[in-house]
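Undergrad: Attaching a predicted model along with its sequence, questions to come.
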Amino acid sequence: MRAFRTPMARLTSRALVAAMCAGQVGNLLPHVVVPAIMAEHLIPLWGLSGAQAGLMAGAYAFGYMLAVPVLATLTDRIDARLVLLVGSTLSGLATAAFGLFADGLWSAAAIWALAGVGFAGAYMPGLKALTDRLPPQDSSRSITLYTASFSVGVGLSFLVSQLVAARYGWRAAFFVTAFGPVLMIAASFGMAPFRPAPAQGHLLDFRPVLRNRVAMGYVLGYGAHCFELYGMRTWIVAFWTYVVARNGDALVSPITVSVLAAVLSLPASILGNEAAIRFGRHRAITIVMFVSGAVALAIGFLAGASPAWLLVLVLIYAITIPADSGALTSGMAASADPSNRGATMALHSTVGFGLSALGGWVGGVALDAFGGPSSPTGWFAVFAVFAAGVLLGPLALWWSRRYAQ
């Protein structure tokens, strides 16, 4: 083991960031398998309503939300790479278990929640493991690269899962994507050890974080962002399946739209953070969120329009949704007290993924309530819900600025 770890221990900061980004792409390979294949496979197979499908897809974020307060806060006390190693392993095993054992709504939701628990030990602990090993001047852009690589992993998850499910069946999609976390397991073994400074307070004491109004503005803003982002990722394939069915020819397939939407998140997140550095985080994030809410409403209003208009709007939406992600996360990390940065990251993720689970489910409830997946009114309701969610973000940032003085 020592011979394997030595080269990684000597990596430059850039090489470490590259290794962690590659590991995260692997960890994300299982990330959206359920949303990617549910419209074509799981909903008709198990006879699910929109609300049930949203509940099943959102179980991943729900499991994440339950586990991340403990797992991310634990990184203030032990080396984050140990949590990262265990979480990545559990993520892969739970993904494979879905392919083996899921046979209906409740078994699927339970196993998918367990996969979310695994990812809770992988995403923010991975960020903590990275920032622990970087000099402060490298943090902002490195954090943005790490968060932006999320988009590459999600794009590959959409692509691989749909292609494999179409050719070999939906269970095979889970077996194939379950191998992705092996990349992060390798990166975890390769890192040099790190001992965090002694943490203050109890393990789940978030009171110091809650008193940090600057950090809390970014945490709550991130929650609004995640509500919109995960809601869109839960329903994008089903929405474009509706567009294809309504028009016969929708220019591109649901696979293509979902992958394009995910991949566009990478440059959008990076450029959004650069704009935040240049013009100020609060200002840049607020503008992006208002634009994103407006685009969501436009998609809803034009849900029955031609595929060409919808494709343009969906691709614009794919840029506006993630453009605030890197700025929100780097702002949280920069404003956190170093002695409880892990706890701050834990609350950041708890709020974000809790609202992620809510976004997917509420979108499904709105779809059922306003006509179902074959109705343009139903899809207007879905995108109106996403717009309402993201527009709470600027309110959180205003609160942070007003009361943090």
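TA: Thanks, I have it.

Undergrad: which non-adjacent residue is nearest residue 155?
TA: Spatial nearest neighbour of residue 155, excluding adjacent residues (C-beta to C-beta, 6 or more residues apart in numbering): residue 262 at 3.5 Å. Using the backbone N, CA and C atoms, a C-beta is placed for each residue, glycine as well.

Undergrad: actually residue 45, sorry about that
TA: residue 170 (7.8 Å).

Undergrad: list the contacts for that neighbour?
TA: For residue 170, the contacting residues are 37, 41, 42, 45, by C-beta atoms under 8 Å, 6 or more residues apart in numbering.

Undergrad: any idea which of those is closest to residue 161?
TA: Closest approach to residue 161 among these (C-beta to C-beta): residue 37, at 5.7 Å.

Undergrad: close enough to count as contact, the closest one and residue 161?
TA: Yes: with contacts defined as C-beta atoms under 8 Å, residue 37 counts as touching residue 161 at a distance of 5.7 Å.

Undergrad: overlap in contacts of those two?
TA: What both residue 37 and residue 161 touch, as defined by C-beta under 8 Å, 6+ apart, is the set residue 173.

Undergrad: who has more neighbours, those two?
TA: When residue 37 and residue 161 are compared for neighbours, residue 161 comes out ahead with 28 against 22, by other C-beta atoms under 10 Å.

Undergrad: From residue 384, how far out is residue 303?
TA: Distance, residue 303 to residue 384, by C-beta to C-beta, to the nearest Å: 10 Å.

Undergrad: Of the two, which one has the most company?
TA: A direct count of neighbours by other C-beta under 10 Å for residue 303 and residue 384 places residue 303 higher, at 21 against 18.

Undergrad: Isn't that one up against residue 383?
TA: Yes: with contact defined as C-beta under 8 Å, residue 303 reaches residue 383; the gap is 7.4 Å.

Undergrad: Give me the pLDDT value at the residue nearest to residue 155.
TA: Predicted confidence (pLDDT) for residue 262: 89.

Undergrad: quick one: what helix or strand has it in it?
TA: Assigned by DSSP states H and E, residue 262 belongs to helix 254-263.

Undergrad: Which neighbouring elements make contact with that helix?
TA: Judged by 3 or more C-beta pairs under 8 Å, 6 or more residues apart in numbering; DSSP states H and E, helix 254-263 is in contact with helix 139-168, helix 213-247, helix 307-320.

Undergrad: measure the closest residue to residue 122 other than its chain neighbours to residue 115 for me?
TA: Among residues not flanking residue 122 along the chain, residue 87 sits closest, at 4.0 Å (C-beta to C-beta, 6+ apart). Distance of residue 87 to residue 115, computed by C-beta to C-beta: 11 Å.

Undergrad: before we move on, the earlier item: are any of the contacts of residue 170 buried, and which?
TA: 37, 41, 42 (16 or more other C-beta atoms under 10 Å).

Undergrad: mind checking pLDDT for residue 131?
TA: 80.

Undergrad: And it, how far from residue 25?
TA: Counting by C-beta to C-beta, the gap from residue 131 to residue 25 is 19 Å.

Undergrad: what do you get for residue 322?
TA: As defined by C-beta to C-beta, residue 322 lies at a distance of 15 Å from residue 25.

Undergrad: Please apply the same query to residue 250.
TA: Look at residue 250 and residue 25: by C-beta to C-beta, they are 28 Å apart.

Undergrad: Residue 61 against residue 353, yeah?
TA: Yes: at 4.4 Å, residue 61 counts as touching residue 353 under the criterion of C-beta under 8 Å.

Undergrad: Overlap in contacts, those two.
TA: 116, 230.

Undergrad: sorry, back to before: name the stretch among the helices and strands packed on helix 254-263 that sits most buried.
TA: Mean neighbours per residue, mean count of other C-beta atoms under 10 Å, is largest over those for helix 213-247, with a mean of 25.

Undergrad: Under the pLDDT cut-off, which ranges of this protein? List them.
TA: Applying pLDDT under 70 to the chain flags the ranges 1-13, 136-141, 197-203, 403-405.

Undergrad: Tell me the buried residues in stretch 326-344?
TA: Those would be 326-336, 340-344, for stretch 326-344 by 16+ other C-beta under 10 Å.

Undergrad: That stretch: end-to-end distance?
TA: End-to-end distance for stretch 326-344, by C-alpha to C-alpha, to the nearest Å: 16 Å.

Undergrad: Please compute how far that stretch lies from its chain's middle.
TA: Remark: stretch 326-344 is offset 17 Å from the chain centroid, using C-alpha atoms, centre = their mean, to the nearest Å.

Undergrad: quick revisit: residues contacting the residue nearest to residue 155?
TA: Residues counted as contacts of residue 262 (C-beta under 8 Å, 6+ apart) are 32, 151, 152, 154, 155, 157, 158, 233, 318.

Undergrad: Next, the contact list for the closest residue in space to residue 220 that isn't next to it in sequence, please.
TA: The shortest distance from residue 220 to any non-neighbouring residue, by C-beta to C-beta, 6+ apart, is to residue 396 (3.6 Å). By C-beta under 8 Å, 6+ apart, residue 396 lies in contact with 217, 220, 221, 223, 224.

Undergrad: how about the spatially closest residue to the last one that is not a sequence neighbour, what does it touch?
TA: Nearest residue to residue 224, sequence neighbours excluded (C-beta to C-beta, 6+ apart): residue 393, at 3.5 Å. Residues in contact with residue 393 (C-beta under 8 Å, 6+ apart) are 220, 221, 224, 225, 285, 286, 289, 324.

Undergrad: do residue 106 as well
TA: By C-beta under 8 Å, 6+ apart, the contact set of residue 106 is empty.

Undergrad: show me the contacts for residue 24.
TA: By C-beta under 8 Å, 6+ apart, residue 24 lies in contact with 122, 123, 126, 146, 149, 150, 153, 184.

Undergrad: right, and residue 314 touches residue 300 too?
TA: No: at 11.6 Å, residue 314 does not count as touching residue 300 under the criterion of C-beta under 8 Å.
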